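In: how does the following fold in three dimensions:
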Amino acid sequence: VCAAPANAMDVDFTLRPRQIRLGESARVEFIVEGDIKAFDPKLDSIAGLQVSGPQVQNNMQFAGGRRRSFTTYAYNIMPTKTGEYSIGPFEFTDGNGVRKVLKAATLTVLAPGATLNAAAQSATISDLLQFEVRPVKEKVYPQEVFEIAVDLYYRQVNLADNFEIRDFTAPGLDIEPPARLGSVRAERNGEMWNVVRWRAKAKALRTGKFELNPVLTVGVISDAAGSDSFLLRPRNVATVDVPAGRMTIECQDLPAEGRPASFKGAIGSFEFRAALQPTNVAQGDPVTLALQVGGKGNIDNVSCPVLPEDPRIRRYDAKMVQNDVGQGGNQGRKTYEQILMPVDAGLKEIPAVEFSFFNPEDGRYHVLQQGPFPIEVRPSANPAAHVVGTTEAGTSVQPAQKLGADIQYLKPIPARPARAGERP
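Out: Modelled structure (predicted):
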């Protein structure tokens, strides 16, 4: 067992090949990321194997504007007899003080002239590069904004800082370009890998299953033999395509149970505010109802909440006065103003307004209500300007023809109270 001091950032261990004939050699490598003085591995002597080394090599990599240093300790393994040999396990403490174990690897030594196992002897690109794409959620809803995780695992290679993801689309599925998050070290199938991570926001436009077969094109630097040569010589970069395999996203329909009448397709998590002004008017004078919806979700598709019909109130079409929706239409707020005209003297309140949405996180519909809004409506000083007639269907309102010619829309609802010294 080999231990590393706590200030070692991370350590990787490989044995290649894992099957040889007597008279052939294998190679053991420890790759240390971080302080090159923090880890000095020593292989315990194993009966039947001759160990020489280590050969130490320093490498440097630049990715995303960040410099990363690696030190490789390489040992040559020469067997003296046939058999199976276990090398490891190895323990170390990473830079966060976490104790980690590198699993043991088995070296098989066959007699001279024996046929090697092709699967054990051959190496493929998947031994060095693995590309994984998966939705963060197994099932999504139409118009729900969700994330797709995009991860590149790599080891024992140096990568150029240019990546291209292809075939990352499907009809009926809206996917934004992935945003790069950075690089980490992670365990995968018992071995340590470098990981480059991206996240992409996506939205299904309909129900059903969507299948993608994305491919990542990456540049592999083939001549980074050391930190000095890496910095001074032109790099030889080979382009490699790494397929992720088939990815399936299932989009299910919204539940019918519990769906409120005011639901108009908003999906996400939202807030709703409304205000009425002025609140003391004469019969037939206009008032403005300001309504604001904000939050995360399909805000770009959210429409104005609808005021219930009331024969005592004449309604005009709502107008959007502020649209603070971010790029992609997944977050922000919208502010609307609607002109109302109370035509019934003595009206005491404007009815409440509802806004409802479906939250995919808890799988439930939510109904938000603002109002009712108190108001005082005095009899008009000029009743001839407004004619109210009664029919069998109810009360009809016929305002003066010039109504609305001089109406000025109010300012949007402020996002926060004004601070001292600020203009409202």
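In: what pLDDT does the model give residue 279?
Out: In this model, residue 279 is scored at 94, pLDDT.
In: number of residues surrounding it?
Out: 14 (other C-beta atoms under 10 Å). C-beta coordinates here come from the backbone N, C-alpha and C atoms, glycine included.
In: spit out the contact partners of the nearest residue to it once chain neighbours are set aside.
Out: For residue 279, ignoring the flanking residues on the chain, the nearest one in space by C-beta to C-beta, 6 or more residues apart in numbering is residue 375 at 5.0 Å. Going by C-beta atoms under 8 Å, 6 or more residues apart in numbering, residue 375 touches 276, 279, 280, 281, 287, 342, 347, 348, 349, 350.
In: from the residues you listed, which land in strands?
Out: 276, 280, 281, 287, 342, 349, 350 (DSSP state E).
In: and the helices in this structure?
Out: Along the chain, the segments classed as helices by DSSP state H run 118-121, 227-232.
In: which stretch in those has the least confidence?
Out: helix 227-232 - the lowest mean pLDDT of the helices of the chain, at a mean of 39.
In: roughly how far out does stretch 146-154 sit from the chain middle?
Out: Chain-centre distance of stretch 146-154: 9 Å, with C-alpha atoms, centre = their mean, to the nearest Å.
In: let's number from 574 now, not from 1
Out: Fine by me, first position is 574 from now on; the one you just mentioned is stretch 719-727.
In: which parts of it are buried?
Out: 719, 721, 723, 724, 725, 726, 727 (16 or more other C-beta atoms under 10 Å).
In: Serialize those residues to TSV and add fields for pLDDT and distance to residue 749.
Out: As requested, the buried residues of stretch 719-727 are exported to TSV (pLDDT from 0 to 100; distance: C-beta to C-beta, whole Å):
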residue	pLDDT	distance to residue 749
719	92	11
721	94	9
723	95	12
724	95	17
725	95	18
726	93	23
727	90	24
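In: would TSV of those with distance to residue 769 be doable?
Out: Below are those laid out as TSV (distance: C-beta to C-beta, whole Å):
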residue	distance to residue 769
719	21
721	15
723	9
724	7
725	4
726	8
727	7
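In: from these, which land in strands?
Out: 719, 721, 723, 724, 725, 726, 727.
In: can you report how many residues lie near residue 604?
Out: 21.
In: swap that for residue 712, please
Out: Using other C-beta under 10 Å: residue 712 sits among 12 other residues.
In: now residue 930
Out: Counted with other C-beta under 10 Å, residue 930 comes out at 26.
In: and the gap between residue 793 and residue 683?
Out: Here the criterion is C-beta to C-beta, to the nearest Å. By it, residue 793 lies 32 Å from residue 683.
In: please apply the same query to residue 932.
Out: Residue 932 sits 61 Å away from residue 683, going by C-beta to C-beta.
In: out of the helices and strands in the chain, which is least certain?
Out: Lowest on mean pLDDT, DSSP states H and E among the helices and strands of the chain sits strand 967-971, with a mean of 33.
In: so who does residue 821 touch?
Out: The contact partners of residue 821, by C-beta under 8 Å, 6+ apart, come to 782, 783, 784.
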